[in-house]
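Visitor: Show me how the following folds:
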Amino acid sequence: MLKRFFSYYRPYKHLFILDFSCAVLAGLLELAFPVVVNQVIDKIMPKGNFRLIGLACVGLLLFYILNTFLQYIVVFFGHKLGVNIETDMRRELYSHLQTQPFEYYDNQKTGKLMSRLTTDLFEISEVAHHGPEDVFITVMTLVGSFYLMLRIHVQLALATFIVLPFITVALVFFNKKMTKVNTKIYDNLGEFNAGVEASVSGIRVTQSFANEPFERQRFEGLNQTYRQSKILFYKVMGISSAYNYFLIRLINLFTLIFGAYYTINGEITNGDFVGFILLANVFVRPIEKVNNMIESYPKGIAGFKRFTEEIDKKPAIVDKPNAVAVDHLKGDIIYDDVSFSYADSSKVLNHIDLHIVPGETVAFVGQSGSGKTTLCNLLPRFYEVSEGNITIDGINIQEMTLASLRNQIGIVQQDVFLFPGTIRENIAYGKLDATEEEIQNAMQLAHLEKVVEQMSDGLDTMIGERGVKLSGGQKQRVAIARMFLKNPPILILDEATSALDTETEQVIQESLNSLAEGRTTMIIAHRLATIKHATRIVVVSDKGILEVGTHEELLAKGGHYRRLHDAQFRD
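Guide: Coordinates of the predicted model:
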């Protein structure tokens, strides 16, 4: 894990060398101060030459000025290094999440993923900055100060050093314990974020049912779970800090008692005694830093473990090594003995055989859960077929690159997702480099111009999160305009008008008919009135395809389609 962690330093090795070198030099200058004081007291002061004392103080002042500059470099450039590494990790994690298929997100909570991208990586930045230099400087300062103390008096140095093994044992013990607690904290924080995200997203439902007290109670449960985890962390940290504080004060006490004894007996000079006390303070300073290390390191280690766990989850759907980039597909689609099951082994599609010719409009109908949407989602490889093959223009879709395949397919869904921003930005999402003329043309084809004219800022009107300021019909028209701009040869309409009123549905249907013209179109529908114009209608069930034919042919058969039709139009 350490090797993997340090690999993120590679792009910033010059920044790391600058930070690390300045930190080491600052540590060495700290060690020089007690030595200078020792010399001033024992050799310069007995001569009574204040000029030499003044020069020694000027020398120390220069030391401090240099150390001040070094401290700035360590703090600023060190934290810059940490932030750069944190940013790289977040970029890598975000790119990794984008490669995951639909099935991965079916089993994830948005709040948990947000926690992985934010909170988990905050502490990694601190460890990336302080980790290597703190460990090295702690060891260097301990060894350097102990060596200088030995030069003054061996027995006194050993008396001071005797407490250090107890501090080392405590460091290892508390570090392990707090890493475990921090992992639990991150898990609870993920659940907390997921709960908050769901509550905020569903606030309209909550208020419509007047269930605010219930949501407050649920939030309080999440809040208390997170609180308990943090209290446990600070309890362990408190015990660790108190333990180390006591041992550090013992070092100072031993230095004072034994130092005074050896000075009175004439084994060390007054200058040696003062220098030794100053060295003892330098000696305990990195030990005091251990308390900070015990607080921040477990957080960073726990965050990095969760980061690597996520990165190591390989995407289930990826490009094959020899995948080809396709362009200008005609839309000749063949489902050859296709079956599909989810990871929990629940079978959704069973041995589907279907041929859709270019330019044809094929509608899929059937009971909810019969696999209509899944059948269409297999085409852009949002899910991977369990058995069989799907080809477009004679090429297996698994032999195509994902990006090029999905560029050839457009999807308009019932639950339209719009990004926060303006109408213009959401339309342009279909073609990021679209010109103003292309955006205006797409808007007209989607019958959106009257809607835009009524808005105060026209195309630059802010639509709120998920397009909350637009009606269902307006959102659908924005989605259709976006698809006109993309201009794909294959189109999937997933119940695109089922949530709209009759008048709006007719307007949207006209837009969809215009959009489908000249394209291979697959329509998923519950309202049979919207698919009478389809070239073919496919009746799907969990047992496979039951019937195929035109609207009139299927009505004449008097089978499954006729029963669905009569159930909708009985009145």
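
Visitor: Give me the distance between the residue most central in space within the chain and Arg91.
Guide: For the chain, Leu117 is the residue whose C-alpha lies nearest the centre (C-alpha atoms, centre = their mean; 2.3 Å). Using C-beta to C-beta, to the nearest Å, we find Leu117 at a distance of 10 Å from Arg91. Quick note: C-beta positions are derived from backbone N, CA and C, even for glycine.

Visitor: now swap in Leu470 and tell me
Guide: 32 Å.

Visitor: Show me which of those two is the more surrounded one.
Guide: Set Leu470 next to Arg91 and count neighbours by other C-beta atoms under 10 Å: Leu470 wins out with 21 against 10.

Visitor: Surely the more buried one touches Ile463?
Guide: Yes: at 5.5 Å, Leu470 counts as touching Ile463 under the criterion of C-beta atoms under 8 Å.

Visitor: Please tell me I have it right and the residue nearest to the centre of the chain contacts Glu92.
Guide: No: counting by C-beta under 8 Å, Leu117 does not reach Glu92; the two are 10.8 Å apart.

Visitor: out of all of them, which helix in the chain is the longest?
Guide: When the chain is parsed with DSSP state H, its longest helix is helix 212-264.

Visitor: packing partners for that one?
Guide: Applying 3 or more C-beta pairs under 8 Å, 6 or more residues apart in numbering; DSSP states H and E, one finds that helix 212-264 makes contact with helix 154-161, helix 164-201, helix 270-311.

Visitor: can you give me phi and psi for Ile463?
Guide: Torsion angles at Ile463 (phi, psi; degrees, to the nearest 10) stand at phi -110, psi 0.

Visitor: and it, how far is that from Glu438?
Guide: From Ile463 to Glu438 the distance is 20 Å (C-beta to C-beta).

Visitor: Pass me the low-pLDDT residue ranges in the stretch 301-450 of the chain, would you?
Guide: 344-345 (pLDDT under 70).

Visitor: Which parts of it are helices?
Guide: With DSSP state H, counting those that start in this stretch, the ranges of helices along the stretch 301-450 of the chain come out as 372-377, 402-407, 423-428, 436-445, 449-453.

Visitor: so of those helices, which one's packed in deepest?
Guide: Among the helices of the stretch 301-450 of the chain, helix 423-428 has the highest mean neighbour count (mean count of other C-beta atoms under 10 Å), at a mean of 23.

Visitor: Please report the distance of Leu515 from Leu470.
Guide: Distance, Leu515 to Leu470, using C-beta to C-beta: 19 Å.

Visitor: okay, how far is it across stretch 510-526, tip to tip?
Guide: Stretch 510-526 has its terminal residues 18 Å apart, counting by C-alpha to C-alpha, to the nearest Å.

Visitor: Show me how far that stretch is from its chain's centre.
Guide: What separates the centre of stretch 510-526 from the centre of its chain is 36 Å, taken as C-alpha atoms, centre = their mean, to the nearest Å.

Visitor: For that stretch, give the mean pLDDT please.
Guide: For stretch 510-526, the per-residue pLDDT values average out at 81.

Visitor: So which bits of that stretch are buried?
Guide: Neighbour-count burial for stretch 510-526, counted by 16 or more other C-beta atoms under 10 Å, picks out Ser511, Leu512, Leu515, Ala516, Arg519, Thr520, Thr521, Met522, Ile523, Ile524, Ala525, His526.

Visitor: Leu61 looks like it's in a helix, true?
Guide: Yes: the assignment for Leu61 is a helix, going by DSSP: H, G, I helix; E, B strand; the rest coil.

Visitor: what about it, neighbour count?
Guide: 10.

Visitor: what separates it from Gly275, distance-wise?
Guide: For Leu61, the distance to Gly275 - C-beta to C-beta - is 19 Å.

Visitor: again, but for Ile257
Guide: 17 Å.
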